[in-house]
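Chemist: Provide a 3D model corresponding to the input given below.
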Amino acid sequence: MKAYICAMEEWYHYLILIPVGFAVGFINTVAGGGSLISLPLLIFLGLPPSVANGTNRVAIVIQTALGTAGFVSKGVSTAPFNIYLGISAFLGAILGAQIAVDISGETFNRILAIIMIAVVLIIIFKPKMKLQDLQEKISGKHLWIGIVAFFFFGIYGGFINAGLGFIIILFLHYVNGMSLVRANATKVAVVLIYTFAALAVFILNDKVIWGVGLVLAIGNGSGAWLASRISVKKGDGFIKTFLIIMVVAMSVKLWFFG
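Modeler: Model (predicted):
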């Protein structure tokens, strides 16, 4: 590990991690896609991709823990529904973190860009659901649909995680009838649960640099705490606008600057 530890020995590298982590934590908590910023940064600072991926999970655990606490402090919790989904995603993440996908980085980025564009089109053109018309469906067949879906979400989350937040929010909103605020709170809690599984796999494979991850986590956690409380206060309109902006921005980046 010594070679890539040395790449992070410049003191200003650590100062860069905190403000970037703050932005990433805020973005991840309100929408998703923040890892598309933090992962390239860690690689740019000298970490091999697999080590950057593992180290980034340290910050995600702290970020989602504080984000969940922020939502709970505002009275927003979907337990035990989020726990059921989290357990399913946890199992998927164990598998996903061990998968090596034989695909070029450019091809992967373009596929993900197409997915992001599809997401923004759904956000824009899906018939509006008024808050008074929303009826949460979090039991019976809808619970089981969620459990199955989140196993596969967990596989992708364990593999790389970037951009999954968009899909989770939309799934919970349109399949389970959750408001965007409650869907967001559920997403953050589920990501917290399955990231423990992914992080464990990376740790067992010696792919985590704790010092770098914990410094990044200072920023991620701060951004997540603020974002969770703001999103509850601002409501669904704020989250929807933020989602559209981030999906478009991430799609353009992946397609043209991947």
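
Chemist: and the gap between Leu66 and Leu15?
Modeler: For Leu66, the distance to Leu15 (Cβ to Cβ, to the nearest Å) stands at 21 Å. In this view, the C-beta of every residue, glycine as well, is placed from N, C-alpha and C.

Chemist: same check on Gly213?
Modeler: Counting by Cβ to Cβ, the separation of Gly213 from Leu15 is 16 Å.

Chemist: between those two, tell me which one has more neighbours.
Modeler: The residue with more neighbours, out of Gly213 and Leu15, is Gly213; 25 against 11, by other Cβ atoms under 10 Å.

Chemist: in contact with that one, which residues?
Modeler: Taking Cβ atoms under 8 Å, 6 or more residues apart in numbering as the contact definition, Gly213 lies against Thr55, Asn56, Arg57, Val58, Ala59.

Chemist: now, which of the residues you listed sits nearest Leu172?
Modeler: Comparing the contacts of Gly213 against Leu172 with Cβ to Cβ places Arg57 closest, at 22.4 Å.

Chemist: who's in contact with the closest one?
Modeler: For Arg57, the contact set (Cβ under 8 Å, 6+ apart) comprises Asn161, Thr195, Ala198, Leu199, Phe202, Val208, Gly213.

Chemist: mind doing that once more with 7 Å?
Modeler: Neighbour list for Arg57: Thr195, Ala198, Leu199, Phe202 [criterion: Cβ atoms under 7 Å, 6 or more residues apart in numbering].

Chemist: can you tell me the element it falls in?
Modeler: Counting by DSSP states H and E, the element that carries Arg57 is helix 49-73.

Chemist: torsion angles phi and psi at the closest residue to His13 other than its chain neighbours?
Modeler: In space, His13 comes closest to Leu45 once its chain neighbours are excluded; the distance is 5.2 Å by Cβ to Cβ, 6 or more residues apart in numbering. Here is the backbone geometry of Leu45 (degrees, to the nearest 10): phi -80, psi 0.

Chemist: now Gly157: how far from Val201?
Modeler: From Gly157 to Val201 the distance is 12 Å (Cβ to Cβ).

Chemist: helices of the stretch 101-250 of the chain, start to end?
Modeler: Ranges of helices within the stretch 101-250 of the chain are 105-125, 140-159, 164-174, 180-204, 210-234, 236-257, based on DSSP state H, counting those that start in this stretch.

Chemist: if you count neighbours, what's buried in the second one?
Modeler: Across helix 140-159, burial judged by 16 or more other Cβ atoms under 10 Å covers Gly146, Ala149, Phe150, Phe151, Phe153, Gly154, Ile155, Tyr156, Gly157, Gly158, Phe159.

Chemist: which phi and psi does the nearest residue to the last one once chain neighbours are set aside have?
Modeler: The spatial neighbour of Phe159 that comes closest, neighbours along the chain excluded (Cβ to Cβ, 6+ apart), is Gly96 at 4.1 Å. Its backbone dihedrals place Gly96 at phi -60, psi -40, with angles given as degrees, to the nearest 10.
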